[in-house]
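> Here is my input, please return the structure:
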Amino acid sequence: MRPASLIIAGFTSIVGLVFPFVLARLPTGLNQFLLLVMMAGIIGAFIYGAGFKPRQSILARLIGPAVTWPLMIGGFAILVTLR
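Model (predicted):
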């Protein structure tokens with residue numbers, strides 16, 4: 001799961017960096033909120049994919065794939081369909 005998290009996070013961050021017009025044509029509040037949610041998922045996936053193992057169980061759940069993957073993929077899908 002760690003390599004997959006790293007690959008998905010890398011792909012979504014590259015798409016957001018290289019092709020930002022794909023994600024948000026018009027800067028609205030909803031687009032900015034969805035980008036924030038998507039970036040939170042990307043950050044968590046990078047942390048998890050790099051191999052960080054937190055001591056606190058709540059933090060381990062927050063950066064796990066069960067939380068970060070839906071944030072990344074869901075935010076990306078909603079932004080692409082809203083454009």
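> how many other residues sit next to A60?
Residues contacting A60 under the criterion other Cβ atoms under 10 Å number 13. Backbone N, C-alpha and C define where each C-beta goes, glycine included.
> List the buried residues of the helix or strand where it lies.
Counting by DSSP states H and E, the element that carries A60 is helix 57-62. Buried residues in helix 57-62, defined by neighbour count with 16 or more other Cβ atoms under 10 Å: L62.
> Look up phi and psi at the residue at the greatest distance from the centre of the chain.
For the chain, the largest distance from the centre (Cα atoms, centre = their mean) belongs to R55, which lies 22.6 Å off. Comment: the main-chain dihedrals of R55 come out as phi -80, psi -30, following degrees, to the nearest 10.
> Ok, F19 next?
Per degrees, to the nearest 10, the residue geometry at F19, taken as phi and psi, is phi -120, psi 60.
> Check A50 too.
When quoted as degrees, to the nearest 10, the phi and psi of A50 stand at phi -80, psi -10.
> Tell me which residues touch it, please.
L6 (Cβ atoms under 8 Å, 6 or more residues apart in numbering).
> same question, T68
Residues near T68 by Cβ under 8 Å, 6+ apart: S5, A9, G41, I42, G44, A45, Y48.
> Model confidence for it, exactly?
T68 is assigned 93 on the pLDDT scale.
> wait, isn't R61 in contact with V67?
Yes: with contacts defined as Cβ atoms under 8 Å, R61 counts as touching V67 at a distance of 6.6 Å.
> which residues sit against the helix holding A60?
With Cβ under 8 Å, 6+ apart as the test, helix 57-62 has contacts from G44, K53, P54, V67.
> buried subset of those?
The neighbour count (16+ other Cβ under 10 Å) marks G44, V67 as buried among those.
> Please identify the buried residues of the helix or strand containing P3?
Taking DSSP H and E as the criterion, P3 maps to helix 2-18. When burial is assessed from 16+ other Cβ under 10 Å, helix 2-18 yields the following buried residues: S5, L6, I8, A9, T12, S13, G16.
> that older thread, going along the chain from the helix holding A60, find the next helix or strand for me.
The element immediately downstream of helix 57-62 (helix or strand, assigned by DSSP H and E) is helix 65-82.
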